[in-house]
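1. Fold the following and give me the result.
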Amino acid sequence: MNYQNVLSLLGGLALFLFGMNLMGESLKKQASGRLKNVWSSLTTSTVKGFFLGLVVTIVVQSSSATTVMVVGFVNSGFMTLQQSVGVIMGANLGASITSWILATSQFEGTSIFILQFFRPSFFMPILAFIGVLYYVFLGKGKKKDLGLILLGVSVLLYGMEAMSDAVAPLAEMESFKNLMVKFSNPFLGLFVGTAITAAIQSSGASVGILQALSTTGAISYGTAIPIVMGQNIGTCITAMISSVGATKNAKRAAWIHLYFNVIAAVVLLGIYILISNLISIPFLSRAAGPVGIAVVHTAFKLTALTLWAPFSKQLVTLAVKTVPDAKSEEKIEVLDERLLDTPSIALDRCREATNNMAVLACDTLATSLDLLSNYTEKVGNTIREGEEEVDHYEDMLGTYLVKLSGRDMTEADSHEVTKLLHMIGDFERISDHAVNILETAQEIADKGLAFSAEATVELDTMTRAVLEILNMTLTAFTTDDLALALHVEPLEQTVDYLKSAIKKRHVQRLQRNECTIEMGFILADILTNLERVSDHCSNVALCMLEIAQDSLEMHEYQQKIRDNDISNYNRTYDEYMEKYKLPERGENAKQALAEGTKTAPAEA
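-> Okay, here's the model as predicted:
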């Protein structure tokens, strides 16, 4: 084998690995939404988990990627340890599909007419041409991703052919044949398969290399079987590495994957050695081609699955004993960086975390408003703790979303990331205003101050309006209700009017010596905080509508909403103005106060 063959082998290997990576990444991106829906259907059923792992692995073309996702899900609390068992089993079987794709090279030179169409030399140029057309000429989005998938398959198969051609001279080399004879030693074959797969962290790539070498005719079934067993052990290295620093259950999920393959390999290798030593099996000395390697690979997966299927609970027990319970309580990280490799899944977790942040921020604000009339230090401390937790959410989500934005994802997912990055700041500011109102409530309680009857009614009116816009915004965001989001802006304009009108009324009371300057400052602080809360609600709703319209010019879009449907906007605005109409001054205000205090403000 001369240096030109060596260079061809290296070039073919590079194309093979690149094609496999390109195909896998493009498939993940193309199946983004579907993957998210598939994962969300997960139940406690091991059987359903098995099919879930099978489907996801076939889609992403990597059992390692699936098991790393499993570790990430268990680490973030999305999946239980028992649920992970079925998924891991399905992932192991799903990995065999790659070997069958690569086995098509066996059809070269066949005389069977129908198999001619499965030859790489027949369909590879067609796939490459269609892939280039989609990638270059047919725009962006899903069509471009489909082009990358087709190009990935083409490059993968071209690399496979290049490797097969490069190693062809090895068939005539006695040294290579002697080396393959040594690998027929089961323990050496097991070690080689494990080492190579662990080094390149891909059982699909490792099996592909073995299939390429098998085209020389120098690899017998007796040599291939132990190597394939070792390859299934070596693929566990990725999940084991990913579990470093994870929770105990995430570590246990990685150990389940390792035990599934190691114990199956040891048991089956023992049976293989025993039978081959007791009985002469001519089949083992026959040359194994690419299809034969795929059969051996799939047979091992199915046998291991059959072996472990009745003992899934025992597999969990073994993993629990290997990784005992921690002495101190572990903190579950909702946003696991292992999930960044699957952006659609990572984004789904971001959305859930942002929902939690939004609920907490709105609850904190609503609670702070209750303190204006009934201050307690215990509730005040709860509000401060809530604000600190919201701050933590913002820091955590901001960092994670920035990392996620750098990943390759669909246009829809990219818009969702942008939306969340814009919104988390508004939810954080709402919790800040809750603390501001808390401090004002504390000042009122400490100094024994009180608002006038008219000011109390006016403030109650604005508070109810703000609680409604808060509740409306939270519901629109958590349910992605764009129709409801359209109602936020006219209510925000109503709150703006209330702030201005109440301030004017306060000045009139000052002129009549019905109110103190000190209470005026306190009232102004409360009104400012309430008005700014409604502004942040408006920002959230407008951002939802903007992203849906593929726009990010907030003020321009705000005006566009008013101009495009001025009649509906004005009608909704008038309804809110009537609903939150300020009472008349004097006796009417006292009557309104008596009626208004009977009803507690609505909760956000």
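
2. Just to be sure, Leu546 is in a strand?
-> Slight slip there: residue 546 is Glu, not Leu. No: counting by DSSP: H, G, I helix; E, B strand; the rest coil, Glu546 is not found in a strand; it is helix.

3. Could you shift the numbering so residue one becomes 45, and keep it that way?
-> Let's use 45 as the start, then, which means that last one is Glu590.

4. Count the neighbours of it for me.
-> By the measure other CB atoms under 10 Å, the count of residues near Glu590 is 22. Glycine gets a C-beta too; all of them are placed from N, C-alpha and C.

5. And the pLDDT for it?
-> For Glu590, the pLDDT comes out at 80.

6. Look up how far His436 lies from it.
-> Separation of Glu590 from His436 (CB to CB, to the nearest Å): 27 Å.

7. how does this protein divide into domains?
-> 51-366, 383-491, 494-648 (automatic domain parsing).

8. All the strands of the stretch 445-594 of the chain, in order from the start?
-> Shown for the stretch 445-594 of the chain, no strands are assigned by DSSP state E, counting those that start in this stretch.

9. which residues in it form helices?
-> Under the criterion DSSP state H, counting those that start in this stretch, the stretch 445-594 of the chain contains helices at 455-491, 497-523, 526-529, 532-555, 561-592.

10. And for the stretch 295-444 of the chain?
-> 334-352, 356-366, 387-414, 421-449.

11. Does the second one pack against any helices or strands, and if so which?
-> Spelled out, that is helix 356-366. The elements that helix 356-366 packs onto, with contact taken as 3 or more CB pairs under 8 Å, 6 or more residues apart in numbering; DSSP states H and E, are helix 125-138, helix 292-322.

12. tell me which residues in the first one are buried?
-> Within helix 125-138, the residues that count as buried by 16 or more other CB atoms under 10 Å are 125, 127-138.

13. Could you export these as CSV, including distance to Ala331 and pLDDT?
-> Converted to CSV, the buried residues of helix 125-138 look like this (distance: CB to CB, whole Å; pLDDT from 0 to 100):
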residue, distance to Ala331, pLDDT
Leu125, 43, 83
Gln127, 43, 81
Ser128, 39, 85
Val129, 38, 86
Gly130, 37, 85
Val131, 36, 87
Ile132, 33, 88
Met133, 32, 88
Gly134, 32, 88
Ala135, 31, 86
Asn136, 27, 85
Leu137, 26, 86
Gly138, 28, 84
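
14. Export these to TSV and append columns for distance to Phe60.
-> Formatted as TSV, those follow (distance: CB to CB, whole Å):
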residue	distance to Phe60
Leu125	36
Gln127	34
Ser128	31
Val129	32
Gly130	31
Val131	28
Ile132	26
Met133	28
Gly134	26
Ala135	22
Asn136	22
Leu137	23
Gly138	20
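
15. what is the mean pLDDT for stretch 472-484?
-> 95.

16. and if you look at stretch 353-362?
-> Per-residue scores along stretch 353-362 average to 86.

17. export it as PDB, just CAs?
-> The C-alpha coordinates for stretch 353-362 follow below in PDB (Å, rounded to 0.1, in the frame of the first residue of the first chain):
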ATOM      1  CA  ALA A 353     -35.900  -6.400  28.100                       C
ATOM      2  CA  PRO A 354     -37.200  -8.300  31.200                       C
ATOM      3  CA  PHE A 355     -34.700  -6.700  33.500                       C
ATOM      4  CA  SER A 356     -35.100  -3.000  33.000                       C
ATOM      5  CA  LYS A 357     -35.800  -2.400  36.700                       C
ATOM      6  CA  GLN A 358     -32.700  -4.400  37.700                       C
ATOM      7  CA  LEU A 359     -30.700  -2.300  35.300                       C
ATOM      8  CA  VAL A 360     -31.900   0.800  37.200                       C
ATOM      9  CA  THR A 361     -31.100  -0.800  40.600                       C
ATOM     10  CA  LEU A 362     -27.600  -1.600  39.400                       C
END
